[in-house]
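> Sequence first, then the predicted structure, then my questions.
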Amino acid sequence: MLRNLCLMLSLLLFTCSYGQQPLKHIGQLREGDLLFHIAPKGNAITEVTATAEDYAIDHVAVFFRQDGKPMVVEADERGTVVTPLDSLLKYGERFVVGRVKGRLDKERSVANALQYLGRPYDHLYLADNEEIYCSELVQLAFVDKQGRPVFSTKPMNFRNADGQVPEHWTALYARHGMKVPQGEMGTNPADMARHKRVRLKYIIATDK
């Protein structure tokens with residue numbers, strides 16, 4: 001009882017969008033919800049990807065519960081890892097919650113994502129290696145009730161609004177003796193947030 005009360009009190013630190021009303025109940029987050037990180041100042045990723053409802057999104061994590069505790073599984077600089085929700089929502093961070101519509105197999109999708117734990121992070125965003133980046137993890141893991149993939153890959157874009165490839169990307173791939181893989185198949189979190197099967201619900205954030 002005391003543990004549940006402490007959890008509910010901690011949730012009062014969160015806010016949700018579309019009016020910034022308090023997120024009062026952890027039950028608003030469902031197994032398999034996608035948490036899309038909003039980059040307030042933008043970065044190399046958001047410079048070459050489309051916005052989703054005017055949000056500049058640069059990361060995605062998958063919500064689930066482990067022994068009753070709110071967690072996420074995500075692919076970041078540490079590799080594919082499980083992170084407590086309260087550690088993900090650092091002071092001032094904002095995430096828009098996306099919910100997959102239709103007959104998502106939530107349990108199987110989360111289980112699929114957890115099978116990739118320990119995989120190193122893919123700094124080159126390539127599909128033909130053992131490393132994994134954030135939206136690739138979701139694309140590989142999420143399936144419907146018939147076991148069919150929910151998300152497909154599409155040609156990757158590394159050009160900004162002016163049609164130029166930013167120096168960040170040319171330098172990154174040059175260090176590996178590669179050309180920028182413009183047009184290679186892959187995913188990005190902003191496109192995933194804009195997918196027809198994803199409904200953006202509200203923002204959760206810690207007070208600033």
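Nice, thanks for sending it over.

> Name the nearest residue to the spatially most central residue of the chain, ignoring sequence neighbours.
Residue closest to the mean C-alpha point of the chain, counted by Cα atoms, centre = their mean, is residue 60 at 0.6 Å. Residue nearest to residue 60 in three dimensions, not counting chain neighbours: residue 189, with 4.1 Å by Cβ to Cβ, 6 or more residues apart in numbering. In short, each C-beta sits where N, CA and C put it, glycine included.

> Near that neighbour, how many other residues are there?
Number of residues near residue 189 (other Cβ atoms under 10 Å) recorded here: 26.

> in the protein, what secondary structure element scores lowest on mean pLDDT?
strand 14-15 (a mean of 36; mean pLDDT, DSSP states H and E).

> Show the subsequent helix or strand relative to that strand.
Remark: after strand 14-15, the chain's next helix or strand is strand 34-38, criterion DSSP states H and E.

> for the next helix or strand after that next one, packing partners?
Per DSSP H and E, the first helix or strand lying C-terminal to strand 34-38 is helix 44-47. Here helix 44-47 touches strand 57-66, going by 3 or more Cβ pairs under 8 Å, 6 or more residues apart in numbering; DSSP states H and E.

> What ranges does this protein have for its helices?
2-11, 44-47, 85-88, 106-114, 134-141, 167-175, 189-193 (DSSP state H).

> Strand 57-66 and the fifth one, what's the angle between them?
Here the directions of helix 134-141 and strand 57-66 differ by 50 degrees (axes from the mean of the first three to the mean of the last three Cα atoms, to 10 degrees).
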